[in-house]
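K.L.:
show me the folded form of this:
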Amino acid sequence: MKTVAQAAARECLEEIGWQPGPTTPFLPRHPANGPVDLTFHVERATEAHHVGDPTELDEAAAIDWVPLDDIPGLIRSGHVNDGFTLTPLLAELAGL
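P.N.:
Here you go, the predicted structure:
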């Protein structure tokens, strides 16, 4: 069985073509408390290196590095508007 860290690294590599450095657990999330027994685990990496093009071409509309200070404006403008992305970004901005 793969660990959460191994799964997160694999997904990053497949979906964006970057291999994250060591990851640490950041935020477990429960996107549908009550009706569904489901937990998402978000890992944090503070470094990564580019390996190549993504192999899962239908996973991301765009791949770009964005300064953390730009995130509130992107949220306000509607460029970041889905709960799967908003939850960890807002937790990061809150200093969790």
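K.L.:
ok, Glu15 - contacts?
P.N.:
54, 56, 59-60 (C-beta atoms under 8 Å, 6 or more residues apart in numbering). No exception for glycine: its C-beta is placed from N, CA and C like everyone else's.
K.L.:
the same query, at a cut-off of 10 Å, please.
P.N.:
By C-beta atoms under 10 Å, 6 or more residues apart in numbering, the contact set of Glu15 is 54-60, 63.
K.L.:
what does Leu13 give?
P.N.:
Leu13 makes contacts with 19-20, 48, 51-52, 54-56, as judged by C-beta under 10 Å, 6+ apart.
K.L.:
now His49: closest residue in space, sequence neighbours ignored.
P.N.:
Nearest residue to His49, sequence neighbours excluded (C-beta to C-beta, 6 or more residues apart in numbering): Gln19, at 5.6 Å.
K.L.:
hang on, the one you found is in a strand, isn't it?
P.N.:
Yes: counting by DSSP: H, G, I helix; E, B strand; the rest coil, Gln19 is part of a strand.
K.L.:
can you report how many residues neighbour it?
P.N.:
16 (other C-beta atoms under 10 Å).
K.L.:
I'd say it and Glu11 touch.
P.N.:
No: using C-beta atoms under 10 Å, Gln19 makes no contact with Glu11, being 11.2 Å away.
K.L.:
pop the domain breakdown of this structure in here.
P.N.:
Per automatic domain parsing, the structural domains of the chain span 1-60, 66-96.
K.L.:
worst average pLDDT in those domains?
P.N.:
For the domains of the chain, mean pLDDT drops lowest on domain 1-60, to a mean of 89.
K.L.:
let's verify Asp69: helix, strand, or coil?
P.N.:
Quick answer, by three-state DSSP: Asp69 is helix.
K.L.:
go on, Val42?
P.N.:
For Val42, the secondary-structure state derived from three-state DSSP is strand.
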